[in-house]
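S.K.: Can you look at this prediction? I've put the sequence above it.
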Amino acid sequence: MIPYELHHGTSNDFAIVDANEHHVSDRGAFAEALCADLGIDGVLFLAIEDAYTPPRAVMTLVQPDGSTADMCGNGARCAARWTAERTGADEVMLDTQAGTRHAQVAEDVTVEMGEPVFDPARVPVDADAPVIEELFEGYEVTAVNTGVPHAVVFVDDVDDVPLDSDAPAIRHHDRFPEGANVTFANPDGAGFRQRTFERGVEGETQSCGTGAVAIAAAAARTGRIPDEATVVVSPPGGDLTVSLDADTSTLRGPTERVGAGEASPTPSRRVDS
């Protein structure tokens, strides 16, 4: 059996598996089964490389559909807390498929998210120039990569958006060759409220860290906030703080360990009838 811990970052729920200690031959099937059984948003496989200072961990996130995501902001924050607790460090490095990210662990966890990218070839989105508030399926979309591709839409009130019916057409739009997460936002005082339909989860999640950063980046690009700013972004699961500067961004928020369990390393892959 494969032991795991359950963690969440603003109600973005993950199981964490120590990849140094436990080998899972089919991570996709394992994640599909465990996410379906527990109703969680992904499985984080973490392998600590403690020969480094600060300690490093290789982070791989496998989503409920068995796919691998290059980056996950809330997952990275949970991974940083898990790594810090095992190494006695208050800062760690995370090697993700989107690059190496530095994290600081205190009461909250702050993780470096890199520079938001609007270059259409790197989002990717089929366009000759950055997609800034262009019409997709009746919504004005800004396309940005914050470790994974996001289609950001600013609306008057995110609660009025029929997310389950409207987001999939944007998520699977032909102009997004790898698909996109679809993130809706509305201004809320000095910050923004957020709802995200996540690629790989194929539904709304209670929080999305890359989506929070995408909202801040798109807001800056469209003149809603300064280019260098710190804003609070509020998905349903809780508040996240995003800071933008000239060439990078950070994401800060709480994490919590909420349980543990074990699962078969070779579950039967689920097939919808």
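M.R.: Great, that's in hand. Numbering: from 1, shown residues only.

S.K.: what's the domain layout of the protein?
M.R.: Structural domains assigned to the chain are 2-112+255-263, 134-247, following automatic domain parsing.

S.K.: Which one of those lies nearest to V123?
M.R.: Evaluated over the domains of the chain, closeness to V123 peaks at domain 134-247, with 4.7 Å, by Cβ to Cβ. Placement of C-beta: from N, CA and C, glycine included.

S.K.: Would you format the domains of the chain as JSON lines with mean neighbour count, mean pLDDT and distance to D128 included?
M.R.: Formatted as JSON lines, the domains of the chain follow (neighbours: other Cβ atoms under 10 Å; pLDDT from 0 to 100; distance: least, Cβ to Cβ, whole Å):
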{"stretch": "domain 2-112+255-263", "mean neighbour count": "20", "mean pLDDT": "97", "distance to D128": "24"}
{"stretch": "domain 134-247", "mean neighbour count": "20", "mean pLDDT": "97", "distance to D128": "12"}
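
S.K.: Let me have those domains in JSON lines, extended by distance to A121.
M.R.: Formatted as JSON lines, those follow (distance: least, Cβ to Cβ, whole Å):
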{"stretch": "domain 2-112+255-263", "distance to A121": "16"}
{"stretch": "domain 134-247", "distance to A121": "10"}
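
S.K.: Quick check: phi and psi at the residue nearest in space to the middle of the chain.
M.R.: The centroid of the chain falls nearest to C72 when counting by Cα atoms, centre = their mean (3.0 Å). When read as degrees, to the nearest 10, the backbone of C72 gives phi -150, psi 120.

S.K.: Check the gap between it and G114 for me.
M.R.: Counting by Cβ to Cβ, to the nearest Å, the gap from C72 to G114 is 13 Å.

S.K.: any common contacting residues for those two?
M.R.: Common neighbours of C72 and G114 are listed as G147 (criterion: Cβ atoms under 8 Å, 6 or more residues apart in numbering).

S.K.: Grab the longest helix from this protein for me.
M.R.: Secondary structure assigned by DSSP state H gives helix 73-87 as the longest helix of the chain.

S.K.: Of all the domains of the chain, which one is nearest A127?
M.R.: Between A127 and the domains of the chain, the shortest gap by Cβ to Cβ is with domain 134-247, which sits at 6.9 Å.
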